[in-house]
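**Q** Sharing a model prediction with you, sequence too.
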Amino acid sequence: MTKRKYRGTDSQMLMAAYLIADRGIEKAQLLAERRPQWADPFFPNLKAKINEAFSKNMGVDILAYQQEATAKVKGIIATAHRGIMDLKAEIEVGFRSSPTRRSVLLTELGYDKLPKKNISQSQYVQLLATLRANLTPAVKAELLEVGANPAAIDALLQLAQQLIEANDRQESLKTNRKILNAGNIAELNALYDEVTAVCKLVATYFAGNQTMKEHFSFAKALKAQGYMRRSKKKEPSASPTKPEAAAPNPQASSHGASIAPTLIDGAPSATVANEKAAAADE
């Protein structure tokens, strides 16, 4: 699973990157003197790339389309449910005198696999797909002979087609959402890497110029977009007061023993590790 390398939201990261690109355009001549690769049109191209990423990743809401498709599927099912039940009742009543034919028709049209309650979306889709495939003109003629409504049958077959198409679109959007999310995050990570590489090089090239370092600090640019780092929880100290120093043990010192502070597993604390990770954007 692709994970975001950056802190904050996607839009905050992109806006921070946009700000850095803008500052690169402002300082283009100075920056190009230090690194020829940054000569025009490097920063305008970077800004255009950020604009494109913003439009691509923020402008299209796959989830909204998916929710719309789901609502359409549910609407079709709600409309089709009554027609499905009416046709089933007409078959059961119309072929009472021919139980064998009644059983064959219910099986051919998919009713034998339809549960009496708690019918799932996939079961509705399967039934309507079976109806569309097996309700031939000959079968329709049989149904009309026992009193079925021809307009209701035609409407049900139309709903079957609509539901199959809507269901296919819904499933496609589910798949695309997963693929696009992974692809988008990878693209945003690459853009983040490119922009923060500029920031790190500027901090190195202009180590003595505090203004330039602050102008190209990604952490400051991110903060300007509303990002706030979560406050760290302080771990309670073992004792409110320092313990009194133990008196030297002459017996231990005579054997060359020494007293040294102890590290847990020889590793720095998690807080220190988090501070180092957070400082990567500075």
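**A** That came through fine. Note that the coordinates shown come from a computational prediction; the quantities given were computed from them, not determined experimentally. Numbers count the residues shown, from 1 in each chain.
**Q** Show me the domain layout of the protein.
**A** Domain assignment for the chain by automatic domain parsing gives 10-61+174-224, 64-173.
**Q** Let me have those in a markdown table, extended by mean pLDDT, distance to residue 2 and mean neighbour count.
**A** Where you see a C-beta, it was placed from the backbone N, CA and C, and this is true even at glycine. Below are those laid out as a markdown table (pLDDT from 0 to 100; distance: least, Cβ to Cβ, whole Å; neighbours: other Cβ atoms under 10 Å):
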| stretch | mean pLDDT | distance to residue 2 | mean neighbour count |
| --- | --- | --- | --- |
| domain 10-61+174-224 | 86 | 5 | 16 |
| domain 64-173 | 90 | 20 | 15 |
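**Q** how about CSV for these, with distance to residue 3 added?
**A** Converted to CSV, those look like this (distance: least, Cβ to Cβ, whole Å):
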stretch, distance to residue 3
domain 10-61+174-224, 7
domain 64-173, 22
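**Q** between those domains, which gets nearest to residue 4?
**A** Taking Cβ to Cβ, domain 10-61+174-224 is the member of the domains of the chain nearest to residue 4, at 5.9 Å.
**Q** Am I right that residue 153 is in contact with residue 139?
**A** No. Contact criterion Cβ atoms under 8 Å: residue 153 and residue 139 do not qualify, at 9.6 Å.
**Q** List the residues that contact residue 93.
**A** Taking Cβ atoms under 8 Å, 6 or more residues apart in numbering as the criterion, residue 93 is in contact with residue 146.
**Q** Could you say which helix or strand holds it?
**A** For residue 93, the host element (DSSP states H and E) is helix 62-94.
**Q** downstream neighbour of that helix in the secondary structure list?
**A** helix 99-108.
**Q** That next one packs against which elements?
**A** Applying 3 or more Cβ pairs under 8 Å, 6 or more residues apart in numbering; DSSP states H and E, one finds that helix 99-108 contacts helix 62-94, helix 137-145.
**Q** Tell me the secondary structure of residue 7, please.
**A** Of the three states, residue 7 takes coil under DSSP: H, G, I helix; E, B strand; the rest coil.
**Q** That one: neighbour count?
**A** Residues within reach of residue 7, counting by other Cβ atoms under 10 Å, total 20.
**Q** doesn't residue 225 make contact with it?
**A** No. At 10.9 Å, residue 7 does not count as touching residue 225 under the criterion of Cβ under 8 Å.
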